[in-house]
Every structure is written in structure tokens, then in C-alpha cells.
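**Student:** fold the following, please.
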Amino acid sequence: MLLSRRDVIKLFSAGPMLLGALSARASTAPKLVIVGGGIGGAAMAKYMRILNSSIQITLVEPNPSYIFCPGSNEVLNDSVPIQDLTVTYDTLRQRYDIKILQDRATTIDYSRKRLHTAQGEKLPYDWLVVSTGPDFVCEAVDGYNPQLAQGDFPHAWKAGPQTLKLKKLYQNMPAGGTVVISAPPMPYRCPPAPYERASFMAEWLKIHNPTAKILILDSKSNFTLQPHYEAFWREHFNYGTPQAMIEWVGSHAGGTVQTLDAANRTVITSAGERIKADVINIIPPERASAFARNNDLNLGQAWVPIHPYDFRSQKDPAVFVIGDTSEASPMVKTGYMASNQAKWVAQIIHAEITGKDPGYPLWTNNCVAMAGEDFGMTITATFRFHKGRIELQQTLQSPLQDNPQLHALRASVARNWQRTFRRDIFE
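**Tutor:** Below is the predicted model of the structure:
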């Protein structure tokens, strides 16, 4: 159909009115602002959009991409390139209509419900979701600090440049060299990961530096999936013998690392033992993020206290806190747990918008781990809200069996789970 000159004039005259109407609609739409573009924050943005098409969603994240921590230990033994773990925010922006603000959140104005950023933005919100991950308390080990972590003593507990640095350090140490891994006290993100790390390093060293040693000095008296790891180490690395490539010393035997003498590449344990090593990998204790602490979300505590039903902060009911930085015991600190917390909070917010009942929360945590490229393990835990608190309902883990085919199958499941999980959050 051809338009007359008069029709064209009417159409263009109506343009400003139409834009004005759209602008007014946008200004009145409910606003969700999310701080942190990791697993919890990205899941929050995606699943909030799936539930609600009208809400404005802004994700504030200083980095242009995110590197998955799940699977990052496999970078250390050359099984996976770090590029395979790196994702961008393009799909969230383009497919899910999420505004990605590459900026650093600084201050919450609770009274005006605005989030301030380092670049001077003042973002109004109806709901604010904080998913910033933990901070690492390097100073908990005397002599250790963030500067050393960025240099020759990387903790590599946040996937990225430190992961590649640690890989270079241990793969280039002299023949017969020693790696010390200092495992932190609970709680920390991904409980089995220090022992998975030791296993993957040992697999590489067994081929390239077979007289090398790995000493795990632990701030705990036991660890997640310990029977599985120890069985694998006995079979492949002479664990428990004088020829062992891997040795584990728990806190009950004085294994807690208390001091780092960086100049002499030496650690001092709670038993007073001085241990010199070629590579020292101190995984520090964790606490709530600096953003949470600077805005008093943690109320002076190590982690941010939340209301266990809906993950609202105890500081302000319009602010939700999910993921590692929250105090949600007995939930463990994993990316999968953060993603499920995000999906529940999205239901809570959608229910407020629509006036519907959000239902009853039931959370699961699926954890996959590997002791070797052909040895996988799984743990599933279920949690519910009951009598005003979060309760652990049950925990199921893969049994320890002398069956190489099952071990290999579970390792394949672990790798497929990691790939599927990345797609679930960022695609």
C-alpha cells in the first residue's frame, strides 16, 4: 500500500508522541539492578528476564568477560585451554535484553534506592541483587598479601591470570621439585577443588617431572570426598608410602600454614615445621566481598546475613544477597548453589510484581569433581526452608567402587556437566 504525503506527515508527527509514550512506560517499569556478573549475577539476570518481560534489568560488572572457576583446575594440566572457560555478556545483552554496564559498583544509597558506580552513574532500583563473590583474606597467613598473590605466589582461586601463572610455575620447576598447596578452613568456594588441583598437577608431573612432590598442608582435619581422592592417590601416586608423590597433612597433625617466608620460599606450619618449596600455592580463607563490607551489608560479620526464606539482606529488604558472599549455612559455596539461589530470588521478585505466590523453596547443589582425567565423582545435596531456617535434607555422593569404567563415566559426566552449566548461565 502506498502512503500519501498527508499519511507520511501524520506518521512522522506521531513519532515524538510514540517515543514519549515508550519513554514514560520505560521510566515506570520496575527496575532490577544486579551487582556482579559471575555465575549468580548472570543467572539472576537471565532467569529474571525469562520470568518477566517488562522489568528493566541492569547488570553492573567491571570486566568485559567472565572466566568460569568450575573446570579451571583442568587448565593446570593442559586438558582445557582457559579460552574454553571464558564467556562474554553478549547473549545476555542481545537475546535477553539485559543492560550490561561495564563499571564498578561502589555505594548503595539505601534511602533513595540508588546504586552509585565508580564512573559516576546513579542507578535507581526497586530491587538490588548483590552477587559479588568472596574476598580472599591473604593476610590470614602471616607474610602473605595480595601483591604476592599477583606475583610468584598465586592462589589462583579466581580463574584468570593467576591460574596461568601457577601453571607456569609448577610446570617449570626443577626436577624433583616440591609444590606446597595450603588448603583453607571452611567455608570456601568449591570444597573439593584443592585436592582436585593436587591430583591434576600430579598427573602432569608423573609424566614430565616424576620425582617431584606435592605436599597438601590443610587447615582442616578432613576434606570433601577424601576416601575417593586417597584411593586414587594410592593407586597412581604411591600415597601413604615413602615414595608418595602426594602427601596430605591435616590440621590435627599440625598442617595449618601460619606463616609465609616469601624471600626464602618457605612456609611455617602450626607444628612449627619450616618447609621449603619451589612452588607455594596458598589458598587463603574467604569472607564477604569488599563491596558488601563497605556498604555494611555484612553487619560486622564475616559473611552477609540474609533472611533464609528469600535471601533478602538483613540490612535492607530491597537488597538481596546471593552466592558465596552470603551466609546461607548449611548451603555450601559453589557456583551451582549460587545459580539456584538466583533462580529462587527471581521467583520472589516476579511474585512481588504480579501479586502471585512464589511457592515454596527447595534448593539443590550438584557438585562434580575429578581426581584424574578418568576418575570422576559427584555429590548432590538438597536443602529446604523449614521452621525459619535453611535445612539440609539429604546428601548423596557417588560410592567409592573399584570399577574403572564407572570412574571414567563419571569423569565424562563431570566434563559434560561443566559445559552444560556454562550454557545454562550465559546462553
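
**Student:** dump the residue contacts of S270.
**Tutor:** 251, 254-258 (CB atoms under 8 Å, 6 or more residues apart in numbering). Where you see a C-beta, it was placed from the backbone N, CA and C, and this is true even at glycine.

**Student:** apply 7 Å and report the result again.
**Tutor:** 254, 256, 258 (CB atoms under 7 Å, 6 or more residues apart in numbering).

**Student:** count the neighbours of the spatially closest residue to it that is not a sequence neighbour for me.
**Tutor:** Excluding the flanking residues, the one nearest S270 by CB to CB, 6 or more residues apart in numbering is T256, at 4.2 Å. By other CB atoms under 10 Å, the residues close to T256 number 21.

**Student:** so T256 sits against A271, correct?
**Tutor:** No - counting by CB atoms under 7 Å, T256 does not reach A271; the two are 8.5 Å apart.

**Student:** before we move on, the earlier item: so which of the contacts of S270 sit within strands?
**Tutor:** Q258 (DSSP state E).

**Student:** which of the contacts of S270 lies closest to S412?
**Tutor:** Nearest to S412 among the contacts of S270 is T256, at 36.1 Å by CB to CB.

**Student:** if I pick the closest one, what's in contact with it?
**Tutor:** T256 neighbours (CB under 7 Å, 6+ apart): 219, 269-270.

**Student:** could you dump those residues into JSON lines with pLDDT and distance to L76 added?
**Tutor:** Formatted as JSON lines, the contacts of T256 follow (pLDDT from 0 to 100; distance: CB to CB, whole Å):
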{"residue": "S219", "pLDDT": "98", "distance to L76": "21"}
{"residue": "T269", "pLDDT": "98", "distance to L76": "24"}
{"residue": "S270", "pLDDT": "97", "distance to L76": "27"}
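
**Student:** rebuild those as a markdown table, extending it with secondary structure and distance to D152.
**Tutor:** Formatted as a markdown table, those follow (DSSP: H, G, I helix; E, B strand; the rest coil; distance: CB to CB, whole Å):
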| residue | secondary structure | distance to D152 |
| --- | --- | --- |
| S219 | coil | 22 |
| T269 | strand | 20 |
| S270 | coil | 24 |
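
**Student:** tabulate these (TSV), appending distance to A140.
**Tutor:** Shown next, in TSV, are those (distance: CB to CB, whole Å):
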residue	distance to A140
S219	9
T269	14
S270	13
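
**Student:** and the residue nearest to S270, how far from W248?
**Tutor:** Distance from T256 to W248, counting by CB to CB, to the nearest Å: 13 Å.

**Student:** what's the spacing between L32 and Y110?
**Tutor:** Where Y110 is concerned, L32 sits at a distance of 16 Å (CB to CB).

**Student:** right, I mislabeled it, should have said A288
**Tutor:** For A288, the distance to Y110 - CB to CB - is 17 Å.

**Student:** of those two, who's got more company?
**Tutor:** Between A288 and Y110, counted using other CB under 10 Å, A288 has the larger neighbour count: 25 against 14.
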